[in-house]
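Novice: Give me coordinates for this.
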Amino acid sequence: MSSPKLSVSEIDLHTYVDGRLPEKRREEVETFLAANPQEREQVRAYQEQNKILHALFDSVLAEPIPSKWQNPGQYWTMWLKPVAAALAWIVVGGMLGWVLRGEQAGQLATNMDFARRAAIAHAVFSPEVRHPVEVTAEQEEHLIRWLSKRVGGDLKAPHLVDLGYELVGGRLLPGEKGPVAQFMYQDKNGQRLTLYIKTDTGAERETAFRFSQEGTVGVFYWIDRRLSYALSGEVRKEELLKVANAVYQKLNP
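Specialist: Residues are numbered from 1 along each chain as shown. Prediction:
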């Protein structure tokens, strides 16, 4: 007589990722994951998202409470200022929507979000010593085939040895609307750059480079046919632009 099939809910998976399951239930979930690759991949995606959230918000959680919020006598000031700020943003948002005509504003926001995600992914994985990538450069052909299949595009990992950067490898990441690929490069001093790639189904096909500064991470991003690219690094803007130009040229020989 076969044993009953183990039932694992979505809540179980989230609780497992958060490390809050009792030991016995955790063992049951791990047994379930070992036999179910789709749910195992889902859990891996949740874990990656947790890393991104920690990279984005941990510094904010560590900030001290401003002294002006600790004074009860400033109660009304504390509430009126955000209201005034909100009203100001409504006005600015309305003006921006009028100038950019809705759709363009949405595209701009999408592009900025893409650059921010690339920067966060760089901040999360570039410091890793033992596991900076899932598949190393020694398996480059396999890495490119795997990521191309998952992302849904003909990906390439441009060689940047002439600029002093060697391919470390790459990994698959969860994106806003599907899988995203990340290739990592490193120079002789250990400085790392990451190339973040996703398929792009939007109408905009502009290839011009755009720059975004996200904390200490600079990002040059652009669209090339069906793919969007973002090159991230904690280097001088001029150095990052030089590498971004080289990447574009190598992808379009």
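Novice: Next up, the contacts around residue 153.
Specialist: Residue 153 makes contact with 197, 199, 226, 227, according to Cβ atoms under 8 Å, 6 or more residues apart in numbering. (C-beta placed from N, C-alpha, C; glycine too.)
Novice: quick one, phi psi at the nearest residue to residue 134 once chain neighbours are set aside?
Specialist: Closest residue to residue 134 apart from its sequence neighbours, by Cβ to Cβ, 6 or more residues apart in numbering: residue 171 at 4.0 Å. For residue 171, the backbone dihedrals (degrees, to the nearest 10) come out as phi -150, psi 160.
Novice: rewinding a little: neighbour-wise, give me the winner out of the contacts of residue 153.
Specialist: The most crowded member of the contacts of residue 153, judged by other Cβ atoms under 10 Å, is residue 197 (24 neighbours).
Novice: Might one say that it is in contact with residue 229?
Specialist: Yes. With contacts counted by Cβ atoms under 8 Å, residue 197 reaches residue 229, the gap being 5.6 Å.
Novice: Name the residues contacting each of these two.
Specialist: Between them, residue 197 and residue 229 have no joint contacts when contacts are counted by Cβ under 8 Å, 6+ apart.
Novice: Would you double-check that residue 8 falls in a strand?
Specialist: No. Read with DSSP: H, G, I helix; E, B strand; the rest coil, residue 8 is coil and lies in no strand.
Novice: That one and residue 32, how far apart?
Specialist: 5 Å (Cβ to Cβ, to the nearest Å).
Novice: any idea which helix or strand comes after the helix or strand hosting residue 219?
Specialist: Residue 219 is part of strand 217-224, with elements assigned from DSSP states H and E. Next helix or strand after strand 217-224 toward the C-terminus (DSSP H and E): strand 227-233.
Novice: Please name every helix or strand in contact with that next one.
Specialist: Packing partners of strand 227-233 (3 or more Cβ pairs under 8 Å, 6 or more residues apart in numbering; DSSP states H and E): helix 103-125, strand 192-199, strand 217-224, helix 237-251.
Novice: let's go with 10 Å and repeat that
Specialist: Applying 3 or more Cβ pairs under 10 Å, 6 or more residues apart in numbering; DSSP states H and E, one finds that strand 227-233 makes contact with helix 103-125, strand 179-186, strand 192-199, strand 210-214, strand 217-224, helix 237-251.
Novice: Direction included, what does it pair against?
Specialist: Using DSSP bridges, the strands paired with strand 227-233 are strand 192-199 (antiparallel), strand 217-224 (antiparallel).
Novice: Turn those into TSV, including mean pLDDT and distance to residue 133.
Specialist: Below are the strands paired with strand 227-233 laid out as TSV (pLDDT from 0 to 100; distance: least, Cβ to Cβ, whole Å):
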stretch	mean pLDDT	distance to residue 133
strand 192-199	95	10
strand 217-224	92	18
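Novice: Once you drop chain neighbours, what's closest to residue 21?
Specialist: Nearest residue to residue 21, sequence neighbours excluded (Cβ to Cβ, 6+ apart): residue 15, at 5.1 Å.
Novice: for that neighbour, what are its contacts?
Specialist: Shown in contact with residue 15 (Cβ atoms under 10 Å, 6 or more residues apart in numbering): 9, 21, 22, 25, 26, 29.
Novice: Let's test this: mean pLDDT of stretch 175-182, rounded?
Specialist: The average pLDDT for stretch 175-182 rounds to 88.
Novice: Pull out the buried residues from it.
Specialist: Across stretch 175-182, burial judged by 16 or more other Cβ atoms under 10 Å covers 175, 179, 180, 181, 182.
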